[in-house]
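K.L.:
fold the following and give me the result.
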Amino acid sequence: MLNVKILDGGFSAQLSTYVGEKIDGDPLWTSRFLSTNPKAVYATHLDFLRAGADIIETNTYQASISGLRKYLSISEEESINLLHEAVKLAKMAVNDYTKEITGNNDVENKNPIIAGACGPYAASLHDGSEYNGVYGKTTSREIMIQWHKSRINALIDAGIDLLALETIPCYQEAEALVELLREYPNVKAWLSFSCERNSQNIVDGTNFQEVATRCYKMALPGQIIAIGVNCLAPKDVTPLLRNINNDTANEFIPLIAYPNRGEIYSSSKGWIKNENDPTFESFIPEWLELGIQYLGGCCRMYAEDIKLIRKEVNNFKTKGAFMN
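P.N.:
Prediction:
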C-alpha cells in the first residue's frame, strides 16, 4: 500500500500572510520572527497542520548560533534559547492541532511530527554561494561540521523528532553532514540537495545520483530516512530521481521531494511564472510512480498548496486501489 508522508510548504510564503512580504533579503530570513513575532510563526505551523501536513519543519533554516548572535545582538545562551523556542512553537502548534482534531475521524494527519530545519552553511554567508556550492572547495569540513553541530545540538536538546538537512549545494557539505550525523546514532534525518536546472547534477556540478547514493551508504543503517531534492522546479524532479533505484544490486533508497512552485525571481518584477509550464499537481502521479515517500513544497508553496498535494496523493491511491 502506498504510504506517503506529506510535508509542509514554503515557510516564508505562508509566514508572509501574517507579516507582509518583507522577509527575503534579511540575513536571518524567517528566523528573525522567532524574536519579533513568535505568534506568526506558531500560526504558520498551524496553517500547514490544518492543510494536512504529516511533518512540519521548525523555523530554523537560516538560523545559527553565530548568526542569531550577530544580527540580533544577543548572547550565545540567548541564541540557543531562541532555537529551543523554535521547537517549542512547533510543538505548541502540534499539541493544539491534536486537541482540535480530537474525535474527527476524517483527518489523516492525526500524529504529526516535527523536523528540525537545517539549511546549508552558506546561507549564513549572504554571498550567494548557497546557489552554486563553490564554498565547498574553500571551507574545511571541520568548520562546516562545527557550524552545523551547535544548531543540531540545540534542536535535538529541544526534542525534535528528526532532522531536515536540506538544500545542500555541494558534496563536501553533504558528506560532512553525514559524518556529523553518525555522532547521533539515535537521531534520524533526511538529506535533500539543491540541483541545477535541466541537469543531472547538484549545483556544484557533482552528479546527483552519485553523491546521493554515496551519502546514503555512508550513514548508519536506517539513519537517513530519505534522500532527495528540494527548492527546484517541479519539472526537474523526475529526471533527477528516476534512476536512483534502477540498480537492483544496490539497497533501495527512500526518496523525498519538495519542489518550489517553479517560478523565477526577478528583482524588478518579483516572482515570474511561465504560464506554459504544467501545474505542480500534474507531476504528482509520476513522482509517486517513482516511489517517493515524502512529498511537500518549498518556496512559494502555501498551505492551500499542501491541501492540494494531499488531495492528489489520495486520488492516486484511490485510482490504484480501483485498478487493483
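
K.L.:
need the pLDDT of the closest residue to residue 172 other than its chain neighbours.
P.N.:
In space, and not counting its chain neighbours, residue 172 is closest to residue 136: 3.6 Å by C-beta to C-beta, 6 or more residues apart in numbering. C-beta here means a position set from N, CA and C on the backbone, and glycine is covered the same way. Note on residue 136: pLDDT of 94.

K.L.:
need the three-state assignment for residue 136.
P.N.:
helix (DSSP: H, G, I helix; E, B strand; the rest coil).

K.L.:
next up, the contacts around it.
P.N.:
Listed by C-beta atoms under 8 Å, 6 or more residues apart in numbering, the contact set of residue 136 reads 169, 170, 171, 172, 173, 204.

K.L.:
from residue 311, how far off is residue 47?
P.N.:
In this structure, residue 47 and residue 311 are 16 Å apart, going by C-beta to C-beta, to the nearest Å.

K.L.:
higher neighbour count, those two?
P.N.:
residue 47 (22 against 13; other C-beta atoms under 10 Å).

K.L.:
so which strand or helix has that one?
P.N.:
Element membership for residue 47 (DSSP states H and E) is helix 38-50.

K.L.:
and residue 58, how far from residue 111?
P.N.:
18 Å.

K.L.:
okay, those two: which has more neighbours?
P.N.:
residue 58 (29 against 7).

K.L.:
dihedrals phi and psi, that one?
P.N.:
phi -70, psi 160 (degrees, to the nearest 10).

K.L.:
sticking with the closest residue to it other than its chain neighbours, tell me its helix or strand.
P.N.:
Distances taken as C-beta to C-beta, 6+ apart put residue 86 closest to residue 58, at 4.6 Å, once the chain neighbours are dropped. Using DSSP H and E, residue 86 sits in helix 76-100.

K.L.:
and that helix, what does it pack against?
P.N.:
helix 33-36, helix 38-50, strand 55-57, helix 65-72, strand 113-118, helix 141-158 (3 or more C-beta pairs under 8 Å, 6 or more residues apart in numbering; DSSP states H and E).

K.L.:
if we use 7 Å, what do you get?
P.N.:
Counting contacts by 3 or more C-beta pairs under 7 Å, 6 or more residues apart in numbering; DSSP states H and E, helix 76-100 is packed against helix 33-36, helix 38-50, helix 65-72, strand 113-118, helix 141-158.

K.L.:
what angle sits between the fourth one and helix 76-100?
P.N.:
This points to strand 113-118. Between strand 113-118 and helix 76-100, the angle comes out at 150 degrees (axes from the mean of the first three to the mean of the last three C-alpha atoms, to 10 degrees).

K.L.:
can you check the second one too?
P.N.:
Helix 38-50 and helix 76-100 meet at an angle of 40 degrees, taking the same axes, to 10 degrees as the criterion.

K.L.:
export helix 38-50 as CSV, just CAs?
P.N.:
Extracted as CSV, the C-alpha positions of helix 38-50 are listed here (Å, rounded to 0.1, in the frame of the first residue of the first chain):
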residue,chain,number,x,y,z
PRO,A,38,6.5,34.3,17.5
LYS,A,39,2.7,34.3,17.3
ALA,A,40,3.0,34.5,13.5
VAL,A,41,5.5,31.6,13.5
TYR,A,42,3.1,29.5,15.6
ALA,A,43,0.2,30.4,13.3
THR,A,44,2.2,29.4,10.2
HIS,A,45,2.9,26.0,11.6
LEU,A,46,-0.8,25.6,12.5
ASP,A,47,-1.8,26.5,8.9
PHE,A,48,0.3,23.7,7.5
LEU,A,49,-1.1,21.2,10.0
ARG,A,50,-4.6,22.2,9.2
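
K.L.:
quick one: residues contacting residue 148.
P.N.:
118, 121, 177, 180 (C-beta atoms under 7 Å, 6 or more residues apart in numbering).

K.L.:
again, only using 10 Å
P.N.:
64, 118, 119, 120, 121, 163, 165, 173, 176, 177, 180, 181 (C-beta atoms under 10 Å, 6 or more residues apart in numbering).

K.L.:
how many neighbours does the residue nearest to residue 258 when sequence neighbours are not counted have?
P.N.:
Excluding the flanking residues, the one nearest residue 258 by C-beta to C-beta, 6+ apart is residue 296, at 3.9 Å. Residue 296 has 26 neighbours, counted by other C-beta under 10 Å.
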